[in-house]
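Asker: Give me a model of this one.
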Amino acid sequence: MSYIDLLDQVHRSFRPRTYLEIGVSRGDSVRLVLDGTRAIGVDPHPAIVHPLSAETTVESMTSDQFFAGHAESAFGVSGIDMAFIDGMHLFEYALRDLLNIERFATTDTVVFLDDCLPGDESTTARDRSTILWTGDVWKVLPYLREQRPELTVVATTAAPTGLVAVAGFSGVSRNISIEEDIAQAVQDYGCLTYEDFCAFRDSSVQLHEPTIAGLDAVLPSEPWQDTSQVPSLVAARGARRRGVATLARSIRKSKALAGLRKRASPTLAHLRSRRG
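Answerer: Just a heads-up that it's a prediction; the model follows:
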């Protein structure tokens, strides 16, 4: 299944009230937004070729410009139910977008990232030289594993280069300097290579099928909006998960408080020592 098809399933089954997409390009994914979802797409050079829903707007600007001057009025009250990051395919850009989205996240927010499972080394170059280009967005995965263990991260094998979902946000704004976080992350993870990615993927990433069931750990226990007109799969699944949602969040919080954030991943610690 492609990442477009998987995003389509999430939109249809869970009906987000609000949706943010970073990097809309032709509109292949933002066109999936259904009536009843207030959506904003952000792209400095949008080239939309698809019809969009009446409640979808596209802002012609960079994501940094959007978060600096427009995000508060757009999502400051409502928050963001669902977001998709597919902007500049560089680690620091994707991470900055994720941290900025977190400012407007609730406990049920799900953020999707494209291009985290590259298939070969040439596509991971920071300077684009291939038609299919993932850049080094994949470095977000080891960053989240080491620095944000309280978050739930699910990596699916959606074609062509995976679709990763992140959830488990606290819903409370973190008192951090995003730019300082980014600078430190680039220092710690910017040197990782494609060889490091393969070792990390094979040892530390559990790959899931690109289906609603594969996303079970990150999707909310209830649809964001009424889904009475869609198949009963979501309702049944929601009933099953309601009893464990609170427990799962408590476990994530306990892990964070126990200091796991300070503990380096054995895999990456080994990689770093190997490089000397």
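
Asker: If you count neighbours, what's buried in stretch 205-223?
Answerer: For stretch 205-223, the buried set under the neighbour-count rule, 16 or more other Cβ atoms under 10 Å, comprises 205, 208, 210, 212, 214, 215, 218, 219, 220, 221, 222, 223. To be clear about C-beta, it is placed using only N, CA and C from the backbone, and glycine gets the same treatment.

Asker: how far does it stretch from start to finish?
Answerer: With Cα to Cα, to the nearest Å as the measure, stretch 205-223 spans 27 Å from end to end.

Asker: Low-confidence ranges, the protein, go.
Answerer: Residues of the chain that meet the criterion pLDDT under 70 lie in 228-276.

Asker: most centrally placed residue in this structure?
Answerer: Closest to where the C-alpha atoms of the chain average out (Cα atoms, centre = their mean) is residue 112, at 3.0 Å.

Asker: is it fair to say that one lies in a strand?
Answerer: Yes. Residue 112 forms part of a strand when assessed by DSSP: H, G, I helix; E, B strand; the rest coil.

Asker: pretty sure it is touching residue 8, no?
Answerer: No. With contact defined as Cβ atoms under 8 Å, residue 112 does not count as touching residue 8 (12.0 Å).

Asker: related to what we said a few turns ago, columns distance to residue 141 and secondary structure on top of the buried residues of stretch 205-223, output as CSV?
Answerer: Compiled in CSV, the buried residues of stretch 205-223 are given as follows (distance: Cβ to Cβ, whole Å; DSSP: H, G, I helix; E, B strand; the rest coil):
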residue, distance to residue 141, secondary structure
205, 7, coil
208, 13, strand
210, 17, coil
212, 22, coil
214, 16, helix
215, 16, helix
218, 14, coil
219, 19, coil
220, 22, coil
221, 25, coil
222, 28, coil
223, 27, coil
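
Asker: Pick out whichever of those residues sits closest to residue 163.
Answerer: Using Cβ to Cβ, the shortest approach to residue 163 within these belongs to residue 210, at 6.5 Å.

Asker: Nothing else from me, thank you.
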